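**Q** how would this look folded up:
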Amino acid sequence: MMADQRPARRRNAEETRSAILASARKAFAESGYDGAGLRGIAEAAGVTAMMVGRYFGSKEQLFAEVVADTMRDPVILSAENLGSPQMAREFARALVGLSTPGQAVLDGFRVMWASGGSEVAARIAREQIMAVHHATAQGLVRGDHAPERAAILLSLVAGVQLMRQQIGLPALADADPEVLAGLLEPVIAAVLGVA
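**A** Numbers count the residues shown, from 1 in each chain. As a prediction, this is how the structure comes out:
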């Protein structure tokens, strides 16, 4: 009988944790780090603020977990794109695809955009980005100045997303996707030092 109860508790704990994480992800994307409150996150998840603390410790730790969660399934730095012999082309196409106007903005980008004014959020995001995306991109660079070039790649990705999808700059938002990917490909290749 106890063996039957343990999996139910574990499954319930996993469901509770997932519900809190999903609620926090939505709250941070909509209101940013400073605007989202633990009580509101807890209420939307159907738990108490005490439960949020029990599962995640603090708002900082919850935010770090949300940022890490948004990075788990990368679109541009996906395993498929990383293994492509035409990596720059695949990166360019993925960037154009994910920044299509009218398409849902990625949660990770929304969380960063909404939280950018917070020093705490910026520190947490910086640590997560450096550990995941920057480290991956840096490993792709051929040639000198790999950290800087990897950071330029990440800035290019964020800039295209912002200007094309969020701001709607017509030259990017209205561009033919194939033309835009073709223009981005040599830029990405030059930044990474790949052919």
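
**Q** Which SSE is immediately downstream of the helix or strand where residue 51 lies?
**A** Assigned by DSSP states H and E, residue 51 belongs to helix 49-56. Downstream of helix 49-56, the next assigned helix or strand under DSSP H and E is helix 59-70.

**Q** what comes up buried for the helix or strand of the chain with the lowest mean pLDDT?
**A** One helix or strand of the chain scores below all others by mean pLDDT, DSSP states H and E: helix 2-35, with a mean of 80. Along helix 2-35, these residues count as buried under the neighbour rule (16 or more other CB atoms under 10 Å): 16-17, 19-21, 23-29, 32-33. (Each C-beta comes from the backbone N, C-alpha and C, glycine too.)

**Q** Also stretch 80-92?
**A** By neighbour count on 16+ other CB under 10 Å, the buried set for stretch 80-92 is 81, 82, 87, 88, 89, 90, 91, 92.

**Q** With just CA atoms, put that stretch into CSV.
**A** What follows is stretch 80-92, C-alpha atoms only, in CSV (Å, rounded to 0.1, in the frame of the first residue of the first chain):
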residue,chain,number,x,y,z
GLU,A,80,20.0,19.7,-35.4
ASN,A,81,21.3,23.1,-36.4
LEU,A,82,24.6,22.6,-34.5
GLY,A,83,25.2,19.4,-36.4
SER,A,84,24.5,20.9,-39.8
PRO,A,85,27.3,21.3,-42.3
GLN,A,86,25.6,24.6,-43.3
MET,A,87,25.2,25.8,-39.7
ALA,A,88,25.1,29.6,-40.6
ARG,A,89,22.3,29.0,-43.1
GLU,A,90,20.3,26.9,-40.6
PHE,A,91,20.9,29.6,-37.9
ALA,A,92,19.7,32.3,-40.3
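
**Q** what mean pLDDT does that stretch have?
**A** The predicted model gives stretch 80-92 an average pLDDT of 95.

**Q** next one: stretch 139-155
**A** Across stretch 139-155, the average pLDDT comes to 96.

**Q** where does residue 130 land in three-state SS?
**A** What DSSP: H, G, I helix; E, B strand; the rest coil gives for residue 130 is helix.

**Q** Looking at it now. What's its pLDDT?
**A** The per-residue pLDDT reported for residue 130 equals 95.

**Q** how close does it sit to residue 40?
**A** Separation of residue 130 from residue 40 (CB to CB, to the nearest Å): 29 Å.

**Q** And the protein, split by domain according to the record?
**A** Per automatic domain parsing, the structural domains of the chain span 2-58, 79-192.

**Q** Checking the closest residue to residue 78 other than its chain neighbours next. Helix, strand or coil?
**A** Nearest non-adjacent residue to residue 78, counting by CB to CB, 6 or more residues apart in numbering: residue 94, 7.2 Å away. Using three-state DSSP, the structure places residue 94 in helix.
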